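# When you get a sec, could you give me coordinates for this:
(chains A, B, C and D)
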Number of protein chains: 4
Amino acid sequence: MQHFQIRTDLALEATESVRRRDAEHMSGVQLEEYDALEDVHISKVIITSKNAAKSMGKPMGTYITLEAPDLQECDEDYHRDISEELARQLKSVLPDINEEKSILVVGLGNRDVTADSLGPSTVDNLFVTRHIIKEYGRQAYHASKVHSISALVPGVMAKTGMETSEIIKGVIKETQPDIVIVIDALAARSTRRLNRTVQITDTGIHPGSGVGNHRNALTKESLGVPVIAIGIPMVVDAGTIVCDALEKLSDEYDEGKTPLDYFRNSADTQLHNMYVTSKNIDETTKRLSFTLSEAINIALDMGQDGRQ
Amino acid sequence: MQHFQIRTDLALEATESVRRRDAEHMSGVQLEEYDALEDVHISKVIITSKNAAKSMGKPMGTYITLEAPDLQECDEDYHRDISEELARQLKSVLPDINEEKSILVVGLGNRDVTADSLGPSTVDNLFVTRHIIKEYGRQAYHASKVHSISALVPGVMAKTGMETSEIIKGVIKETQPDIVIVIDALAARSTRRLNRTVQITDTGIHPGSGVGNHRNALTKESLGVPVIAIGIPMVVDAGTIVCDALEKLSDEYDEGKTPLDYFRNSADTQLHNMYVTSKNIDETTKRLSFTLSEAINIALDMGQDGRQ
Amino acid sequence: MQHFQIRTDLALEATESVRRRDAEHMSGVQLEEYDALEDVHISKVIITSKNAAKSMGKPMGTYITLEAPDLQECDEDYHRDISEELARQLKSVLPDINEEKSILVVGLGNRDVTADSLGPSTVDNLFVTRHIIKEYGRQAYHASKVHSISALVPGVMAKTGMETSEIIKGVIKETQPDIVIVIDALAARSTRRLNRTVQITDTGIHPGSGVGNHRNALTKESLGVPVIAIGIPMVVDAGTIVCDALEKLSDEYDEGKTPLDYFRNSADTQLHNMYVTSKNIDETTKRLSFTLSEAINIALDMGQDGRQ
Amino acid sequence: MQHFQIRTDLALEATESVRRRDAEHMSGVQLEEYDALEDVHISKVIITSKNAAKSMGKPMGTYITLEAPDLQECDEDYHRDISEELARQLKSVLPDINEEKSILVVGLGNRDVTADSLGPSTVDNLFVTRHIIKEYGRQAYHASKVHSISALVPGVMAKTGMETSEIIKGVIKETQPDIVIVIDALAARSTRRLNRTVQITDTGIHPGSGVGNHRNALTKESLGVPVIAIGIPMVVDAGTIVCDALEKLSDEYDEGKTPLDYFRNSADTQLHNMYVTSKNIDETTKRLSFTLSEAINIALDMGQDGRQ
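Residues are numbered from 1 along each chain as shown, chains lettered A, B, ... in the order given. Below is the predicted model:
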């Protein structure tokens, strides 16, 4: 059966289609998989050549995926464990983080749409230090090394009239951070991944990604500093979910591609402003944003144990 | 092609399927249609017999539907016109509203999920009078007739541990309103109706309706007072949208019912906790809730012109 | 110097004025004080006679006050300790809590005014069980004893047109809880107590209490079931703060009472719709509501460790 | 009686003290006063010399104050009239607004603190055009002249770690607007002005202004483009309100300055993180932010009548 170019923000889903074509033996791609905790699976995909990037449909770089089926549950200790594992993974892609750095954390998305509020909500729980360090010095934290942490919620273009990238570029020029971390609600291809997969990548954000309409790239090339992107799939495109259903149907009944192709076009038109999300999205966003903010706090030595 | 029992809260959509089977000549059903304003279409379905109710899959009563393709636009004057037309329609189903009444307006749904917040948001803009009348008398409004208006946002069962109907029943027992008006975000069958159709009915709310999980009936039978329900479709069930797509596909290609039947079952299982909504749902909810609250204010003589 | 009848919701502040008149030896009042943790002070005032109640200006009953100067800090472990201590104190006033009970938790106040949102925010993080037990039985929690917990955010009279007490009475009639717990943002007399004192009492809520205008009593007498009230002072009345300042001035300069008396009347008129609050009230409310919800969850065996 | 240097953001309050010293005849100050509507009073203060600026304690420039006692009422038509009058006044200070301009509107303040949310709430209802013009050209609006309008909610330093001015400077560098309009909740000296006075000035925002802690200047000097500031007093400093009360007391009883001076210092220390606000601040902020956003929309030809 033919593979459709269905929109996904997850490298893991991209590899899944590739895997069918023996992706594991593709040169320029390194795959690493292991269980970090019980029921917490880590996949690391490193794309090291342009050819591999082209085949995978993803830019060169490192993609870490944490899959945890119970991420939707409300066990606080479990979420703390996940935060710590995420912090470990995040540190592995933060450049030179053992030295004191200046880090800008950006929460993408629309605060007023629950499914798109992961970024702003995560930033709400972040521990920022930049203004304290500027006023009182690092001795305010009784520590020899303190990262300067700032945070931004740029809003969405429909409300600001500006590209998210314009706002971020301006703030970077003015405040000169060493590293940018962006957090975004992602669109997945499969409902199976919703709210239970975290992706960390050092390739930033690319056009067309995310729940909202963040069209311009947020990458080292566009922003001038390394960009680490953290995302959790919170929605599935309505068009995607229909295509997915049809594809499954097709696989089973082998009805050929014509009706699907026909439908894909119509779905694109009708459904492209809609998305599919879970009904308890408010609780999910609240919990996951807290897990992410703790992960970032820990990775930047500002977790509960690190604070003085 | 076979008709699936697809979930819809809209009587109009129920009639649409019936219409194919010559519903217009069905005894026990009165249909009335006209254009109230340019591009504002009113449909009135009155189901007067138990047989007709059974055929239509909707309880006996009056269902008024206002369809306005531009309801998503942000023209304030247009919304004011719609509010006035809705007020007229609402008055036609409010029993004995020319006499002074005590009216409880209930905003159903989950304030924290944008697509489900229509009810709570509408209540936020409502003009309540009950406490003023109780303290100062109707002379506070310099009017000879003032309805006593109260408002309630009961919340959702996942957060209260109580059925919405339990909370409403208790408040009715204690405050003894003559009429209850409930506002809810509905689930439509077709994305075409999303955010542009308002339904007013004197049959109340029935199990399984709405975006959230408001399972118990809110009807004259269950609450003891007449219940007028006002709803706007804000979501389409994810399962429904897939079924809809498949049905359309099927119609065109006449592939028979087996794969669809197969799929319907799987969709029910996988997708039943998900829904499809539009990406600008925050703006839409804000505007429509304002249009509804103004409609109710006007119908209860508390619109801009009626207030003293 | 004369003592003014300044408004306070805190029994501790009431005792403070009384103490000057040798309150410790007053019959009908038991005082107990100890340090629960480092820098966490517990005061227990039990008023056992009508005369004592009259002298203290507070109804007969138990008033527990936890004072923790660091309650405004954001140390998560510290807040967990406080939650556990509060849970212990709460259990001491919850009647027969070793048996399975049905408990309604009510979050008083106005969600849209930050300083008045402590109640609604606390309820947002509560673990409710009633609907699960009703549908699946207590085996859903793999426990032999599970309290049936429900939660209500009734809103404020200016928005509902109903007294808070009317809504609560109705819900109690319909759902028949054994115990009601109400949470409210309090008004303190002294800014020194703001955001760092928690009061637990088995006497419920009395007219005129709280930040908002919850005028009717929420007591065992009015609601028919035991009412435990938990409150944290989040504001000081603007009139009170001025009186307080004047009184201090007066004490130091001994200028006599005439100007103060004069001013008190004018302050009452001008300032009675205003209150004083701290500038970081958003962070404070967020943190304290979480500490309270955890305390209640733990006291009702639904804390992190108790959940299955 | 001596005049204390009490903090106020209102030029009108500054002139009031000056007026006592025959400010009307001061060279370098032009005063103009008239009634725009019934019960709507306009005061225009133009400070044209450095000496006058020093005497007034306000920078050189134009200060327009609209006073409307009924601004707290919820009469929609009245608010529309106010919006139109504000639009007229705003246009009088917007440089060269008859030509097509690029305008950045900035909503200062903290979205999560009701009394400080005027700026963010105003921006929420603004009509932004910049992204549409960039993508489709001005023909999207069927107009020969369309201002390019963008909007920013920078957040507060405690949450971003950055000065508000840093974020705004960066965004200005990147998007190059011709004019900046900033909206902020102000601190007044007198409770009498709360929620009923709008100030428009072409001098921008100066250190220490506003409800929150926006310490850096937002002026033509600091930002490089003209800065129009619009503000409404939403709070009174807790210290100020006490000083105000004492001063009044003092005036009447002529007790001399010593106790007041003494108290002023202690109030500064104890109360400087607190403010006084009205109890219905949620409704007030909602209504006033809507009035302001409409005023800006009208002034920039994007009001209801101007939109195509």
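
# From here on, just use CA atoms for contacts and neighbour counts.
Fine.

# all helices in the stretch 1-150 of chain A, in order from the N-terminus.
Ranges of helices in the stretch 1-150 of chain A, per DSSP state H, counting those that start in this stretch, are A:11-20, A:50-56, A:76-93, A:118-124, A:130-136.

# Quick check: which of the ones you listed is buried the most?
helix A:118-124 (a mean of 27; mean count of other CA atoms under 10 Å in any protein chain shown).

# quick revisit: tell me which of the helices of the stretch 1-150 of chain A lies nearest to A:Glu100.
Nearest to A:Glu100, of all those, is helix A:130-136, at 12.1 Å by CA to CA.

# just checking, what packs against that closest one?
strand A:148-152 (3 or more CA pairs under 8 Å, 6 or more residues apart in numbering or on different chains; DSSP states H and E).

# right, quick check: the strand it packs on against chain D, any contact?
Yes: using CA under 8 Å from any CA of the partner chain, strand A:148-152 reaches chain D at A:149-152.

# With chain D in mind, check whether whatever helix or strand comes next after that strand reaches it.
The helix or strand immediately downstream of strand A:148-152 is helix A:157-160, counting by DSSP states H and E. Yes: applying CA under 8 Å from any CA, one finds helix A:157-160 in contact with chain D at A:157-160.

# Pick the one among the residues you listed closest to chain D.
Distance to chain D, by CA to the nearest CA, is smallest for A:Thr160 among these, at 4.5 Å.

# right, and that closest one touches D:Leu152 too?
Yes: counting by CA atoms under 8 Å, D:Leu152 is a contact partner of A:Thr160 at 5.9 Å.

# So, low pLDDT: which residues of chain A?
Within chain A, the stretches with pLDDT under 70 are A:1-8, A:14-25, A:207-215, A:239-273, A:304-308.

# Could you check how many residues crowd around A:Glu38?
Counted with other CA atoms under 10 Å in any protein chain shown, the neighbours of A:Glu38 add up to 7.

# Please give the number of neighbouring residues around the closest residue to A:Pro226 other than its chain neighbours.
Excluding its sequence neighbours, the residue lying closest to A:Pro226 (CA to CA, 6 or more residues apart in numbering or on different chains) is A:Lys220, at 4.8 Å. Applying other CA under 10 Å, we find 17 residues neighbouring A:Lys220.

# And the strands in chain A?
Assigned by DSSP state E, the strands in chain A fall at A:29-37, A:40-47, A:61-67, A:102-107, A:148-152, A:179-188, A:197-201, A:227-237, A:274-278.

# nearest to chain B, of the ones you listed?
Closest to chain B of the strands of chain A, according to CA to the nearest CA: strand A:274-278, at 4.2 Å.

# ok, A:Ile232 touching A:Thr197?
Yes: contact criterion CA under 8 Å: A:Ile232 and A:Thr197 qualify, at 5.8 Å.

# More neighbours: which of the two?
More neighbours surround A:Ile232 than the other of A:Ile232 and A:Thr197, with 30 against 23 (other CA under 10 Å).

# Provide a list of residues in contact with that one.
With contacts defined as CA atoms under 8 Å, 6 or more residues apart in numbering or on different chains, A:Ile232 is in contact with A:184-186, A:194-199.

# And for the residue nearest to it when sequence neighbours are not counted, the neighbour number?
Spatial nearest neighbour of A:Ile232, excluding adjacent residues (CA to CA, 6+ apart): A:Val198 at 4.8 Å. A:Val198 has 24 neighbours, counted by other CA under 10 Å.

# separation between the most centrally placed residue in chain A and chain D?
For chain A, A:Gly231 is the residue whose C-alpha lies nearest the centre (CA atoms, centre = their mean; 1.7 Å). Counting by CA to the nearest CA, to the nearest Å, the gap from A:Gly231 to chain D is 20 Å.

# Which strand residues bridge A:Leu186?
A:Pro233 (DSSP bridges).

# Could you check how far it is from A:Ala229?
Here A:Leu186 is placed at a distance of 11 Å from A:Ala229 (CA to CA, to the nearest Å).

# Look at the two and report which has more neighbours.
Between A:Leu186 and A:Ala229, A:Leu186 has the larger neighbour count (other CA under 10 Å), namely 28 against 24.

# wait, what's in contact with the residue of chain A found nearest chain D?
Across chain A, the shortest distance to chain D (CA to the nearest CA) belongs to A:Gly170, at 3.8 Å. Each residue near A:Gly170 by CA under 8 Å, 6+ apart is listed here: D:167, D:169-174.

# Let me have those in a markdown table, adding distance to D:Leu126 as columns.
Shown next, in a markdown table, are the contacts of A:Gly170 (distance: CA to CA, whole Å):
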| residue | distance to D:Leu126 |
| --- | --- |
| D:Ile167 | 20 |
| D:Lys169 | 21 |
| D:Gly170 | 22 |
| D:Val171 | 18 |
| D:Ile172 | 19 |
| D:Lys173 | 22 |
| D:Glu174 | 21 |
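
# From the residues you listed, list the buried ones, please.
Neighbour-count burial (16 or more other CA atoms under 10 Å in any protein chain shown) applied to these gives D:167, D:169-174.
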